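> Everything below, folded, please.
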Amino acid sequence: MAIFNWHIGSYQKGRATSQSNYIWRREEFSYLNDLVATGCGNLPPWCNGDPAVYFAAADLYERKNGSACRHLTLSLPRELTLRDWILLVEEYIARDLGPKPYQYAIHNVLAEGQGHPHAHILYSDRVSDGLERSADTFFRRANPKSPTLGGCKKDSGGQSPKQLSLGVITRKKLWEEGLNQALETAGHGARVHYQSGKWTPNI
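Residues are numbered from 1 along each chain as shown. Coordinates of the predicted model:
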């Protein structure tokens, strides 16, 4: 049964590496055997394509008490295939995160003989402005007057609680739209609603 579950968490400096390892089942989480797909993107050149390098740098260089990463958890419909899940998650990332650095993983935990598929998306609010920076410079506070002397700006900065709340609603609607489109494309009648988390048959 398709359900709507969209949850976001924020982790301060010092916790990003653990979250990165957790969703990709690395290091202390390697004993978990539910990883079925991974992906990443928008990483600075100094990461060499490895998101673990990025989030380790966030733990090292982000300002004290600053957010090092954000973590989305999304339920995936059992009605869809692994290929459908990957396409759904990657299309949502492109629409929701844009140019932000990210990594994702899809897990499928067996529960009472049935799968419990879900996706984790770990990302940074730092948005590249096209300037090349070293890791220690990348996470500095942005300097609008002299961009080369500062780091990449966080797009979450300066927003009021109301703006942040409205932003969450917009992001949930994006996931609802993508999820329902994927179900329709696959020929399934179930539909989800972001407000209730429930589904309805498409009559």
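> Sticking with the residue nearest the centre of the chain, tell me its helix or strand.
Centroid check for the chain by CA atoms, centre = their mean gives I121 as the closest residue, at 2.5 Å. Here I121, judged by DSSP states H and E, is contained in strand 114-123.
> Mind listing the strands that strand pairs with, and their directions?
Note on strand 114-123: by DSSP bridges, its sheet partners are strand 67-75 (antiparallel), strand 102-111 (antiparallel).
> With G178 as the reference, name the closest of those.
Closest approach to G178 among the strands paired with strand 114-123 is made by strand 67-75 (9.8 Å; CB to CB). To be clear about C-beta, it is placed using only N, CA and C from the backbone, and glycine gets the same treatment.
> So which bits of the next helix or strand after the closest one are buried?
Next in sequence after strand 67-75, counting helices and strands by DSSP H and E, comes helix 82-96. Going by neighbour count (16 or more other CB atoms under 10 Å), the buried part of helix 82-96 is 84-86, 88-89, 92-93, 96.
> mind listing the helices for this protein?
Remark: helices assigned in the chain by DSSP state H are 16-23, 51-61, 82-96, 135-138, 161-185.
> mind putting those in JSON lines, distance to V192 included?
Putting those into JSON lines (distance: least, CB to CB, whole Å) gives the following:
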{"stretch": "helix 16-23", "distance to V192": "23"}
{"stretch": "helix 51-61", "distance to V192": "29"}
{"stretch": "helix 82-96", "distance to V192": "12"}
{"stretch": "helix 135-138", "distance to V192": "37"}
{"stretch": "helix 161-185", "distance to V192": "6"}
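> which of those helices has the lowest average pLDDT?
Of all those, the minimum mean pLDDT falls on helix 161-185 (a mean of 91).
> in it, what's buried?
Buried positions in helix 161-185, judged by neighbour count with 16+ other CB under 10 Å: 171-172, 174-176, 178-180, 182-183.
> would a markdown table of these with distance to K153 be doable?
Below are the buried residues of helix 161-185 laid out as a markdown table (distance: CB to CB, whole Å):
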| residue | distance to K153 |
| --- | --- |
| R171 | 19 |
| K172 | 25 |
| L174 | 22 |
| W175 | 25 |
| E176 | 29 |
| G178 | 27 |
| L179 | 31 |
| N180 | 33 |
| A182 | 33 |
| L183 | 37 |
